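Asker: okay, here's the prediction I keep looking at, along with the sequence it came from:
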Amino acid sequence: IFKRYTNESVQETDMELKLGNPIKLEAPKGSNAVLVKNLYLSCDPYMRGRMRDFHRSYIPPFSPGSAIEGLGVSRVLDSDDPNFKRGDLVTGYTNWEEYTLIKKTNELRKIQQDDGIPLSYHVGLLGMPGFTAYVGFYEVCAPKKGDYVYVSAASGAVGQLVGQLAKLHGCYVVGSAGTSQKVELLKNKLGFDEAFNYKDESDLESALTRYFPQGIDIYFDNVGGGMLDAALANMRAHGRVAICGMVSQNNRTDPQSFRNMFSIISKRITIKGFLQSDFIHLYPRFLEEITGYYKQGKIVYIENMNHDIETSPAAFVGLFSGKNVGKQVICVATE
Ligand code: NDP
């Protein structure tokens with residue numbers, strides 16, 4: 001569900017959009033809210049979990065009938081919060097619509113526009129997925145120079161940065177992805193040592209043995225299921241597995257069984273699930289370091305940009321069949 005205000009003739013200076021549900025283009029006095037124009041909306045796999053009422057989830061479900069809530073980059077049009085003013089660029093939770101009245105302004109972060117950095121990167125490289133890669137790799141995987149690192153969904157929003165950080169750390173890095181185009185990107189643009197298309201492999205366990213004859217020290221797991229099981233079988237003693245996501249399981253109703261759980265004991269593997277939000281105190285350090293790496297040309301970031309808000313639902317669904325090449329973003333407006 002997403003809302004579109006279709007009256008193209010409406011100017012931002014107009015006080016009212018005369019549509020099905022008229023909204024005033026102002027932040028009501030006393031609301032402490034900000035009225036924003038959304039520029040970039042982020043499509044993220046975790047949003048799938050908000051489409052069912054799952055009591056063990058860490059985030060509440062969406063409310064049917066309301067616009068989808070998600071991360072975005074927006075421009076402030078009007079503010080009743082003294083911390084924001086018209087023209088400010090902000091990132092944080094907004095809605096899948098063109099204009100949003102944001103009430104939880106304490107969760108918004110102001111963006112200093114930097115011509116060297118695309119604005120959309122604030123929902124990708126410098127946003128939640130980039131931060132997930134950063135804390136997942138450095139804080140959860142406890143990497144050491146020379147470690148053998150495996151990353152699944154490696155060309156995606158999170159995986160592409162994990163692999164590049166691992167390379168900068170002096171690790172040997174292999175990534176897997178679901179198309180030959182993505183495999184090429186991993187090897188030729190993102191600097192992975194090796195990459196393979198997991199869909200071409202009939203036996204994931206032996207594929208990983210082929211790429212890691214000496215075993216895996218770190219597995220950064222974005223997909224779960226059979227891939228996690230195959231990685232467990234290939235871990236080295238005292239290996240670390242960061243459970244970041246289980247995108248392969250999102251749409252399944254039948255849980256996949258694991259054959260290699262005993263490896264956890266026999267190889268003394270540390271498996272740790274994490275949420276990026278647990279490490280939020282590290283955000284300023286992350287921004288500084290990753291911005292630096294980007295400006296020095298040490299990392300690159302690939303986006304899959306859609307240019308029409310109408311395509312948002314399809315772009316979202318595409319995450320679960322691998323249609324996106326890089327971070328999936330919807331451009332709603334550029335200014
Ligand atoms: P991506 O940009 O990687 O997009 C999802 C990708 O998953 C697709 O492009 C596809 O790539 C792959 N995929 C889809 N279905 C399957 C499947 N059945 N089996 C294997 N791969 C599949 O997403 P993100 O980088 O944003 O997220 C990656 C993971 O990280 C997700 O699991 C997400 O939930 C998790 N996450 C966790 C966070 C945390 O705090 N723990 C925060 C942010 C994300 P391909 O073509 O290669 O198959």
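Answerer: Ah, there it is. Residues are numbered from 1 along each chain as shown.
Asker: which SSE is immediately downstream of the host helix or strand of I218?
Answerer: In this assignment (DSSP states H and E), I218 forms part of strand 216-221. Per DSSP H and E, the first helix or strand lying C-terminal to strand 216-221 is helix 225-234.
Asker: list the buried residues for stretch 71-91?
Answerer: 71-81, 84, 88-91 (16 or more other C-beta atoms under 10 Å). C-beta coordinates here come from the backbone N, C-alpha and C atoms, glycine included.
Asker: related to what we said a few turns ago, using PDB, write out the CA atom coordinates for the strand holding I218.
Answerer: Below are the C-alpha coordinates for strand 216-221, written out as PDB (Å, rounded to 0.1, in the frame of the first residue of the first chain):
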ATOM      1  CA  ILE A 216      36.000 -20.600   6.300                       C
ATOM      2  CA  ASP A 217      37.000 -18.400   9.200                       C
ATOM      3  CA  ILE A 218      34.100 -15.900   8.900                       C
ATOM      4  CA  TYR A 219      30.700 -16.400   7.300                       C
ATOM      5  CA  PHE A 220      28.600 -13.300   7.000                       C
ATOM      6  CA  ASP A 221      25.200 -14.800   6.500                       C
END
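Asker: and it, average pLDDT?
Answerer: Mean pLDDT, strand 216-221: 98.
Asker: elements contacting it?
Answerer: Applying 3 or more C-beta pairs under 8 Å, 6 or more residues apart in numbering; DSSP states H and E, one finds that strand 216-221 contacts strand 148-151, helix 159-168, helix 225-234, strand 235-243.
Asker: where does pLDDT dip in this structure?
Answerer: 1-24 (pLDDT under 70).
Asker: direction included, what does the longest strand seen in it pair against?
Answerer: The longest strand of the chain (DSSP state E) is strand 69-79. Strand 69-79 pairs in its sheet with strand 34-42 (antiparallel), strand 89-95 (antiparallel), by DSSP bridges.
Asker: which of the ones you listed sits most buried?
Answerer: strand 34-42 (a mean of 25; mean count of other C-beta atoms under 10 Å).
Asker: next SSE downstream of that one?
Answerer: Next in sequence after strand 34-42, counting helices and strands by DSSP H and E, comes helix 46-49.
Asker: using CSV, write out every CA atom in that following helix.
Answerer: The C-alpha trace of helix 46-49 is given here as CSV (Å, rounded to 0.1, in the frame of the first residue of the first chain):
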residue,chain,number,x,y,z
TYR,A,46,13.3,-6.5,6.9
MET,A,47,10.1,-4.8,5.7
ARG,A,48,8.8,-8.2,4.7
GLY,A,49,8.7,-9.1,8.4
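Asker: is the residue nearest the centre of the chain part of a helix or strand, or is it coil?
Answerer: For the chain, the residue nearest the mean C-alpha position is P129 (3.3 Å; C-alpha atoms, centre = their mean). Classification of P129 by DSSP: H, G, I helix; E, B strand; the rest coil places it in helix.
Asker: who's in contact with it?
Answerer: D44, V123, G156, A157, V158, L161, K327 (C-beta atoms under 8 Å, 6 or more residues apart in numbering).
Asker: let's go with 10 Å and repeat that
Answerer: 42, 44-46, 71, 123, 156-161, 276, 301, 327-328 (C-beta atoms under 10 Å, 6 or more residues apart in numbering).
Asker: what do you get for D221?
Answerer: Per C-beta under 10 Å, 6+ apart, neighbours of D221: 136, 150-153, 227-228, 231-232, 241-248, 271, 273.
Asker: what does the stretch 201-335 of the chain have sitting close to the ligand?
Answerer: Residues of the stretch 201-335 of the chain found near the ligand (C-beta under 6 Å from any ligand atom) are 222-223, 244-248, 274-276, 319-320, 322, 324, 327.
Asker: and those, which of them are in strands?
Answerer: Using DSSP E, those in strands are K327.
Asker: distance check, I59 against I218.
Answerer: 27 Å (C-beta to C-beta, to the nearest Å).
Asker: who's more crowded, the two?
Answerer: I218 (26 against 13; other C-beta atoms under 10 Å).
Asker: quick revisit: in the buried residues of stretch 71-91, find the pair that's most separated.
Answerer: Farthest-apart pair in the buried residues of stretch 71-91 is L71 and D80; separation 22.3 Å (C-beta to C-beta).
Asker: can you tell me which residues in the stretch 51-200 of the chain are near the ligand?
Answerer: 128-129, 132, 153, 155-159, 177-179, 182.
Asker: buried ones among these?
Answerer: Among those, those classed as buried by 16+ other C-beta under 10 Å are M128, P129, T132, A153, S155, G156, A157, V158, G159, A177, G178, K182.
Asker: could you list the domains of the protein?
Answerer: Using automatic domain parsing, the domains assigned to the chain come out as 16-124+303-331, 128-277.
Asker: check the gap between the residue of the stretch 51-200 of the chain found nearest the ligand and F320 for me.
Answerer: Using C-beta to the nearest ligand atom, the closest approach of the stretch 51-200 of the chain to the ligand is made by G156 at 1.8 Å. For G156, the distance to F320 equals 12 Å [C-beta to C-beta].
Asker: dump the residue contacts of the closest residue to I111 other than its chain neighbours.
Answerer: Nearest residue to I111 in three dimensions, chain neighbours excluded: L89, at 4.3 Å (C-beta to C-beta, 6 or more residues apart in numbering). Taking C-beta under 10 Å, 6+ apart as the contact definition, L89 lies against 36, 39, 73-76, 109-113, 119, 122.
Asker: thank you, goodbye.
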